[in-house]
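Engineer: Provide a 3D model corresponding to the input given below.
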Amino acid sequence: FVGSTAAEQFNETAAYQTCTTTPASCTHLSLDGNSMTGTLPSELGTFTSLTRMDLRSNQLTGTLPSELGSLTRLTHMDLHSNQLSGSLPSELGNLTQLYYMYLYSNQLTGTLPSELGALTRLYWMQLFSNQLTGSLPSELGALTSFGVMNLYSNQLTGSLPSELGALTRLIRMNHQDNLLTGTLPTELGMLTSLTKLDLHSNQLTGTLPSELGKLTRLSLIWLQDNQLTGTLSSELGALT
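Structural biologist: Predicted coordinates for the structure are as follows:
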């Protein structure tokens, strides 16, 4: 952070001092809700026993160092509500124990790395309110533990990949306020655990697939402000 080096600034915090005595044995790093500034030091990659990293609600800037990919025991990554920029490093795909990924409300750019498809234990993906671009990688369909995927308020383009139909444990899909195009894939009808589907304010076209009638747990479906056409199929009457 701010100071002669990023690591030295970290040393000003007692919690970090405890960890830096034996970084490889540190399991929790919680410095959330402070006024910390500067960048994330690459030395964080030496904390190889870390399971929780909570640096949310600070004023951190700069990019996510690729060295974070060395934290292979990490289950919780919470860096939301900072001023982080740059792209998501592909090395995040090494974090195969990750359960929570909270990176929302930053200034992240670039595309979603296909390597994220290796995070098969991921349940929460919170990347909303950034400046992410590009299309959703089909590899996200491999994340069969997914429960919540929130990518809204970015600049994502392209169509929804049919592979998302494999996410049968998904409860919430919120991708509103992007630039998504194309038709709704019929495979969305396989998301039988889904309770909320929000794709409003995109550029989606085509008709509503009759397969959506299989989503009997759905309580909210928001598709307004798109370019959808056609008629409502009778199968949608099953959404009671």
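Engineer: C-alpha only now, for contacts and for neighbours.
Structural biologist: Will do.
Engineer: Helices of the protein, residue ranges please.
Structural biologist: Counting by DSSP state H, the chain has helices at residues 6-10, 14-21.
Engineer: among the ones you listed, which gets the worst mean confidence?
Structural biologist: Comparing mean pLDDT over the helices of the chain, the weakest stretch is helix 6-10, at a mean of 48.
Engineer: ok, Gly117 touching Leu95?
Structural biologist: No: counting by Cα atoms under 8 Å, Gly117 stays clear of Leu95, with 10.7 Å between them.
Engineer: These two: which has the busier surroundings?
Structural biologist: It is Leu95, of Gly117 and Leu95, that has more neighbours when counted by other Cα atoms under 10 Å, with 23 against 19.
Engineer: how near is that one to Gly45?
Structural biologist: Distance check for Leu95 against Gly45: by Cα to Cα, to the nearest Å, it reads 12 Å.
Engineer: any common contacting residues for the two?
Structural biologist: Common neighbours of Leu95 and Gly45 (criterion: Cα atoms under 8 Å, 6 or more residues apart in numbering): 69-71.
Engineer: Report how many residues lie close to Asn34.
Structural biologist: Here the number of neighbours of Asn34 (other Cα under 10 Å) works out to 11.
Engineer: likewise Ser35?
Structural biologist: Using other Cα under 10 Å, Ser35 has 11 neighbouring residues.
Engineer: swap in the one 10 residues further on?
Structural biologist: One way to gauge burial is a neighbour count; for Gly45, by other Cα under 10 Å, it gives 19.
Engineer: now swap in Gln224 and tell me
Structural biologist: Residues lying near Gln224 (other Cα under 10 Å) number 14.
Engineer: pretty sure Asn150 is in contact with Ile171, am I right?
Structural biologist: No: taking contacts as Cα under 8 Å, Asn150 lies outside contact range of Ile171: 10.8 Å.
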